[in-house]
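A.B. asks: I need the structure of the sequence given here:
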Amino acid sequence: MGLLIYGRSSVSRALVSKTRCREFEPLCPCLFYFINMKIINYIKESYSELVQKVSWPSRAELTNSAVIVLIASIILALLVWVMDLSFEKIMTIIYDTLS
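C.D. replies: Modelled structure (predicted):
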């Protein structure tokens with residue numbers, strides 16, 4: 001007969017079942033209940049995925065990756081610094097010849 005939410009709606013109709021003679025099925029179930037359940041299910045599934053399906057790197061792998069990122073960042077910073085110095089020299093030469 002579908003999903004029954006008891007006591008969550010003031011608009012309801014009586015069930016036509018002889019086993020459940022005094023219960024009511026809501027015509028318009030509370031939207032808040034479904035949103036809450038979706039959030040709770042999302043959190044449970046996220047936790048389950050993090051615990052069971054994600055493969056976490058070891059400390060050695062993490063250290064190696066950090067060292068590689070550090071070296072790449074230093075090289076990129078040096079490259080930008082050299083480009084800045086070269087543009088500064090070029091612009092000073094251009095401005096000196098124009099004035």
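
A.B. asks: okay, CA-based contacts and neighbour counts for the rest of this
C.D. replies: Noted.

A.B. asks: Mind jotting down where the strands sit in this structure?
C.D. replies: Across the chain, reading from the start of the chain, the strands by DSSP state E fall at 12-14, 24-26.

A.B. asks: Could you give the average pLDDT over the first one?
C.D. replies: In other words, strand 12-14. Along strand 12-14, the predicted confidence averages to a pLDDT of 53.

A.B. asks: the helices in the protein, which residues?
C.D. replies: If DSSP state H is used as the criterion, the helices of the chain fall at 31-52, 59-98.

A.B. asks: Make TSV from the ones you listed and add mean pLDDT and mean neighbour count to it.
C.D. replies: Shown next, in TSV, are the helices of the chain (pLDDT from 0 to 100; neighbours: other Cα atoms under 10 Å):
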stretch	mean pLDDT	mean neighbour count
helix 31-52	84	11
helix 59-98	97	11
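
A.B. asks: Quick check, pLDDT for Y6.
C.D. replies: We have a pLDDT of 51 for Y6.

A.B. asks: Look up how far Y42 lies from F34.
C.D. replies: 12 Å (Cα to Cα, to the nearest Å).

A.B. asks: so what pLDDT did S55 get?
C.D. replies: The predicted local distance difference test score for S55 is 89.
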